[in-house]
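Novice: Sequence and predicted structure below; questions after.
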Amino acid sequence: MAERGKNDAHIVEIPVSVDGGEAVGGDAVATPFLDKAEAGGGHPLGEIAASAGHLLLLKLWQREESRLGRRACALEARMDAARRDAFFLCAAFLAFHGLSLALLFAASVATAAGSEAPTSATCRRWWAPSSLSLAASLALAAAVQLRVCAYWRASARLRRDRGEARALARVVQELRMKGAAFDLSKEPQYGVTRAKCASVEGAGAWRPLQWCHQNIVTACLLAVAAAALPSGKFILCA
């Protein structure tokens, strides 16, 4: 009986868990788990970690995703700056015209107070303030147009980058799901994404209408400048 108890104690082994979740205790317990893992196949991420080519490709694509994300943030900041600058320039444009009209009106009132009718010399010089106002208006409108163009260029670049980021995210997700079965020669469909974006933009808006939509701010400023041009003659000669 003593010999039998000794043999039983030698045969029965209790696995002990250690740090990392691995079981140590005997081949009779560990072998079935290894056989089951080999039969069912490893996790795709484990297969990627075991394959140098797949792991390198995943790291490169993740780095590209990070780069596209940083560039998207920079483009959004550039769009915000262009929109803010255009707003301040438009405010300066309106303030300049308001001040110039106020000064012309004050000059006409002073002239009328000195005589019953405006002198011919004052009326003949109406083009001087109008020309100055037109030159300043064109300069401010050109500055606004530059900021508007910068905004739309950044917007178009941001749309392309977001399309590339979506294509890259799809192929990275496919790599993570397939693991070692993923074809290393496969690349993100950047060209297809750009073609789709261009076709959507072309079909979504008529070209002249799209141009008017993008340059409506500058068109309004030029309309205000054209309306303010003859106002100097009307104020000084009326």
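Specialist: Yep, that arrived.
Novice: Surely residue 183 is within a strand?
Specialist: No. According to DSSP: H, G, I helix; E, B strand; the rest coil, residue 183 belongs to no strand; its state is coil.
Novice: Let's see the pLDDT reported for it.
Specialist: In this model, residue 183 is scored at 76, pLDDT.
Novice: For this protein, just list every one of the helices.
Specialist: Along the chain, counting by DSSP state H, helices occupy 2-11, 27-40, 44-50, 52-114, 120-124, 127-178, 190-204, 207-214, 216-228, 231-237.
Novice: Surely residue 129 and residue 232 touch.
Specialist: Yes. Using C-beta atoms under 8 Å, residue 129 is in contact with residue 232, at 4.9 Å. C-beta: built from backbone N, CA, C; applies to glycine.
Novice: which residues do the two both contact?
Specialist: Both residue 129 and residue 232 are contacted by residue 104, under the criterion C-beta atoms under 8 Å, 6 or more residues apart in numbering.
Novice: Go through the helices of the chain and find the least confident stretch.
Specialist: helix 27-40 (a mean of 39).
Novice: Could you tell me how many residues sit around residue 182?
Specialist: Around residue 182 there are 21 other residues, counting by other C-beta atoms under 10 Å.
Novice: Leaving out chain neighbours, which residue sits closest to it?
Specialist: residue 175 (4.7 Å; C-beta to C-beta, 6 or more residues apart in numbering).
Novice: so what's residue 141 closest to, chain neighbours aside?
Specialist: Here the residue nearest residue 141, using C-beta to C-beta, 6+ apart, is residue 221, at 4.4 Å.
Novice: Hmm, I typed the wrong one, I wanted residue 105.
Specialist: Nearest one to residue 105, counting by C-beta to C-beta, 6+ apart, is residue 235 at 5.7 Å.
Novice: For that neighbour, list the residues it contacts.
Specialist: 101, 104-105, 108 are the contacts of residue 235 under C-beta under 8 Å, 6+ apart.
Novice: Please apply the same query to residue 161.
Specialist: Contact analysis of residue 161 by C-beta under 8 Å, 6+ apart lists 68, 71-72, 75.
Novice: re earlier: and the residue nearest to residue 141, how many residues sit next to it?
Specialist: Counted with other C-beta under 10 Å, the neighbours of residue 221 add up to 23.
Novice: To residue 184, which of the helices of the chain lies closest?
Specialist: Residue 184 sits nearest to helix 52-114 of all the helices of the chain, at 5.4 Å, using C-beta to C-beta.
Novice: Who are the packing partners of the closest one?
Specialist: When contacts are defined as 3 or more C-beta pairs under 8 Å, 6 or more residues apart in numbering; DSSP states H and E, helix 52-114 sits against helix 44-50, helix 127-178, helix 216-228, helix 231-237.
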